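> Sequence and computational prediction follow.
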Amino acid sequence: MDRLVRTTLSVPTELLEATDRALQQGHARSRNEFVAIALRHELAAQKRVEIDSAFSAMAGDNEYHIFNLKPTVNFGVILAH
């Protein structure tokens, strides 16, 4: 288990009420657990955006495409023989 650090958060009332409803529905055991889950989800989403952005940059990189196409073309030539 990760080491826990105590902190204080200020959140809008409606967000806290929605969190409490989610707890009543069994989505987490406590506010602490719910916030930790939400933070993990948000950090994972940000990481996906970062990765997608890196791949997006590759889409317009002709050198990248040429470099990665050569092994495919050569492999196709080998299979044709």
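Perfect, I can see it now.
> report the longest helix in the chain, please.
helix 31-59 (DSSP state H).
> If you count contacts, what does it end up packed against?
Using 3 or more Cβ pairs under 8 Å, 6 or more residues apart in numbering; DSSP states H and E, the elements in contact with helix 31-59 are helix 13-24. For every residue, glycine as well, the C-beta is placed using N, CA and C.
> Tell me the pLDDT of residue 2.
Predicted confidence (pLDDT) for residue 2: 82.
> Which of the three states applies to it?
Assigned with DSSP: H, G, I helix; E, B strand; the rest coil, residue 2 falls in the coil class.
> State the distance from it to residue 36.
For residue 2, the distance to residue 36 (Cβ to Cβ, to the nearest Å) stands at 9 Å.
> Compare neighbour counts for the two and give me the winner.
Between residue 2 and residue 36, counted using other Cβ atoms under 10 Å, residue 36 has the larger neighbour count: 14 against 5.
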